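Asker: let me see the structure of the following:
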Amino acid sequence: MLFTIHPDTPQARLIEQVVAIFRNEGVVVYPTDSSYAIGCIVGNQRGMDRILKIRQESAKDHYFSLICKDLSELSHYAVVDNPQYRLLKAILPGPYTLILRGTKEVPKKLLMPKRNTVGLRVPNHVIIQAVLAELGAPILSTTLKIPGYEAHELNDATVINEIIGDHVDAIIDGGACSMAPTTVIDLSEGAPEVLRKGQGSTALFE
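Answerer: The predicted structure follows:
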């Protein structure tokens, strides 16, 4: 099902329909402040398996990120001390993937072995923020990547629908995304370490 949702003023009835699909253990493709992503509600193991099948990856080769609505929700799933909290407050929401130590609320399958860390995001995108606010739970998510297709092809919801429309439960057309990757910051050892420079500024970490 293809939903055309306004990127600045999302239609409430469409947001409610998308949320219902998430809650019914559906898999959804949605726009973010970096690229299109694919996800399911936290706890949906079948949804995770479906996403891995679409990406043609195995669980041992890929880790999902938790997409949270705000810093408060992120802090429920990650260990954040006071200096880190102030730092994250300055950059979120934004195009960052943060590596932090997970709390007991994080499903074990999401934690990176031995380090017990998890990737988290608070995207600065009106549509997914509206979905998260209504959903009341994080989304397990990963960048939409499909073998054999280039990133620019996966930046058009109509094309995405043609490719995998039969394999997902909803695709949100919110217009083109930036396609620039997120900046990845590892905060799990205290001092921030920039693992990948992307769309988000690294000025505060250098």
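
Asker: so which residues make contact with stretch 105-124?
Answerer: 32-34, 42-43, 45, 48, 59, 63-71, 74, 76-78, 92-102, 129, 140-141, 182, 184, 186, 188 (CB atoms under 8 Å, 6 or more residues apart in numbering). Quick note: C-beta positions are derived from backbone N, CA and C, even for glycine.

Asker: if any of the residues you listed are buried, put those into a PyMOL selection.
Answerer: Selection of buried members from the contacts of stretch 105-124 for PyMOL, criterion 16 or more other CB atoms under 10 Å:
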select buried, resi 32+33+34+42+48+63+64+65+66+67+68+69+71+74+77+78+92+93+94+95+96+97+98+99+100+101+102+129+140+141+182+184+186+188
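
Asker: please enumerate the strands of the chain.
Answerer: Along the chain, counting by DSSP state E, strands occupy 2-4, 28-30, 37-41, 65-67, 96-101, 117-121, 139-143, 170-173, 183-186, 193-196.

Asker: now those strands as a markdown table including distance to V18?
Answerer: Compiled in a markdown table, the strands of the chain are given as follows (distance: least, CB to CB, whole Å):
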| stretch | distance to V18 |
| --- | --- |
| strand 2-4 | 6 |
| strand 28-30 | 6 |
| strand 37-41 | 11 |
| strand 65-67 | 14 |
| strand 96-101 | 23 |
| strand 117-121 | 18 |
| strand 139-143 | 11 |
| strand 170-173 | 6 |
| strand 183-186 | 27 |
| strand 193-196 | 29 |
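
Asker: mean pLDDT and distance to N82 for those strands - can I get that in a markdown table?
Answerer: Putting these into a markdown table (pLDDT from 0 to 100; distance: least, CB to CB, whole Å) gives the following:
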| stretch | mean pLDDT | distance to N82 |
| --- | --- | --- |
| strand 2-4 | 98 | 40 |
| strand 28-30 | 98 | 32 |
| strand 37-41 | 97 | 30 |
| strand 65-67 | 96 | 21 |
| strand 96-101 | 96 | 14 |
| strand 117-121 | 96 | 18 |
| strand 139-143 | 96 | 27 |
| strand 170-173 | 98 | 36 |
| strand 183-186 | 96 | 17 |
| strand 193-196 | 95 | 19 |
